[in-house]
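> Need a 3D model of the following:
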Amino acid sequence: MPLRLVTPHGAVLGAILAMATAFASAQADENWPRFRGPRGDGVTDSTDLPTTWSETENVKWKTPIHDRGWSSPVVWGNQIWVTTATEDGKTDYAICVDKNTGKIVHDIKLWENANPSPLGNTLNGYASPTCVLEEGRVYVHFGSYGTACLDTASGKILWQRRDLPCEHFRGPGSSPILFENLLIFHMDGFDHQYVVALDKGTGETVWKTDREVDYGTDNGDTMKAYGTPLVIDAAGKLQLISPTSKAALAYDPRTGQELWRVRYSSFSVAGTPLFVDGNVLINTGFGKADLLAVRPDGSGDVTGTHVVWTQKKSIGSKPSQVVVGDLIFNVHDSGVASCLDLKTGEELWSKRLGGDFSASLLVLAGDGKVYFCGDSEATTTVIEPAREYKELAKNKLADGCMASPAVSGKSLILRTRKALYCIEEAAK
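Numbering: from 1, shown residues only. Purely as a prediction, here's the structure:
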């Protein structure tokens, strides 16, 4: 089933975005440069990824990754990058692995953290934000503990920032994105909540916008969030869709000026927004997650006017959804998968997969497969993207996935709690 792509508004901006999308699609077979892939939607145009694997089947290589990190792998050319940190949060690392051999190319100790805040639970760590890659540069992010740009060939730190305040309380989680000359990320913590854009060449602040959200409490635990933004072209302008606790806001990505917002009651947002068929899909996070479809052509507070539909049943708080054609695929943290109608949000089916889930979903658009990577039972379930549940395989590894999968060519790159895997169909 082919992926349904949105038609941009505005001739000039539409042409620019179309060229960018075409470039991203052309690179998608080999490069997976950011959290959830070239378009940030968990969709790959690659074909022939394995449907079945195990510790002894279709594993090209397996490389242990030291210490602890939930950041997802990113790929550019023959390099795979991840981050990791000591379990006490006192030392942060960036690691580069050769895609062809699994050998570690760089293992870079970035810096020491004198007094990292306690995590308070086991769901997060100190190295959860995913890197973002471009030719010759990798941008690593650890929330307030530090952000840096590294040369991918030498591993040299080109610039770093360790002066952006935020008490994450339960660990950082928001991943950065690249837009034009900017590196943009969220800093939604217990004490400070803002979005910041840095000059990707120098690390200097270009703009910083404080959240002006009515959280309804002075409890900082319900003000923090872990979301990753998305730039879209809608209503004749570029928009940075930026979900946080209690609200999702749209900003001008070049200036940080607010365009519109939608309010909700949930907090600690982790899921990424999607832009499909003219609507933005927003996951509202913890407490109880809802999935909203919002028209992005309003201004100011659009809560009462632009929400097209709301689905409240079994929406995952941590795993992000994927869209194939007119279907949305979702999994609840506790292991119930479901399929929703894109136009109405109506649930078409639900199925208990078993185990717990943190990783976002992956769609192999060309071959018609959806991958659900489990955590506690270390199982990935593969299904057909259809209006009824059609399971293709269940695949078990030694440990589960907190990180979301990546794709490069015919390789599926999985990071479990302890290792990085290259899953590839064995030559026959």
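
> Low-confidence regions, the stretch 1-150 of the chain specifically.
1-29 (pLDDT under 70).

> mind listing the helices in it by residue range?
11-27 (DSSP state H, counting those that start in this stretch).

> Give the burial count for K343, as a bare number.
12 (other Cβ atoms under 10 Å). Heads up, the C-betas are built off the backbone N, CA and C, glycines and all.

> distance of it from G325?
11 Å (Cβ to Cβ, to the nearest Å).

> Report the buried residues of stretch 304-313.
Buried residues in stretch 304-313, counted by 16 or more other Cβ atoms under 10 Å: 306-307, 309, 311.

> possible to save those as CSV with secondary structure, distance to K246 and pLDDT?
Shown next, in CSV, are the buried residues of stretch 304-313 (DSSP: H, G, I helix; E, B strand; the rest coil; distance: Cβ to Cβ, whole Å; pLDDT from 0 to 100):
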residue, secondary structure, distance to K246, pLDDT
H306, coil, 17, 98
V307, strand, 15, 98
W309, strand, 20, 98
Q311, strand, 19, 98
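
> Let's verify A289: helix, strand, or coil?
In terms of secondary structure, A289 is coil; the call rests on DSSP: H, G, I helix; E, B strand; the rest coil.

> From I315, how far out is it?
4 Å.

> Now do the strands in the stretch 101-250 of the chain.
For the stretch 101-250 of the chain, the strands defined by DSSP state E, counting those that start in this stretch cover 104-112, 132-134, 137-141, 147-151, 157-161, 177-179, 182-188, 193-199, 205-210, 230-234, 237-244, 247-251.

> Could you work out which of those reaches nearest to W81?
strand 137-141 (5.2 Å; Cβ to Cβ).

> The closest one: how far from the chain's middle?
15 Å (Cα atoms, centre = their mean, to the nearest Å).

> That strand packs against which elements?
strand 79-85, strand 91-98, strand 132-134, strand 147-151 (3 or more Cβ pairs under 8 Å, 6 or more residues apart in numbering; DSSP states H and E).

> Try it again at 7 Å.
The elements that strand 137-141 packs onto, with contact taken as 3 or more Cβ pairs under 7 Å, 6 or more residues apart in numbering; DSSP states H and E, are strand 147-151.

> And the residue nearest to L397 when sequence neighbours are not counted, how far from R162?
Spatially, and ignoring its direct neighbours in sequence, L397 is nearest to A378 (5.2 Å; Cβ to Cβ, 6 or more residues apart in numbering). Separation of A378 from R162 (Cβ to Cβ): 35 Å.

> circling back: and the residue nearest to L397, what does it touch?
Under the criterion of Cβ atoms under 7 Å, 6 or more residues apart in numbering, the contact list for A378 reads 396-400.

> partner residues bridging C422?
W61, I413 (DSSP bridges).

> how many other residues sit next to it?
Neighbour tally, C422, other Cβ under 10 Å: 23.

> And the pLDDT at F169?
pLDDT, F169: 89.

> and if you look at S376?
According to the model, S376 scores 89 on pLDDT.

> Phi first, then psi, for it.
The phi and psi values for S376, taken as degrees, to the nearest 10, are phi -70, psi -30.

> tell me, how many neighbours does it end up with?
13.

> My guess is it contacts F357. True?
No - between S376 and F357 there is no contact under Cβ atoms under 7 Å: 8.5 Å.

> So which bits of stretch 325-339 are buried?
325, 327-333, 335-339.

> Which residues does that stretch contact?
1-2, 4, 314-319, 321-322, 340-343, 347-357, 361, 370, 372, 385, 387.

> Likewise for stretch 58-72?
In contact with stretch 58-72 (Cβ under 7 Å, 6+ apart) are residues 35, 50, 52-53, 82-87, 93, 95, 97, 101-102, 104, 124-125, 127-131, 402-404, 406, 411, 415, 418-426.
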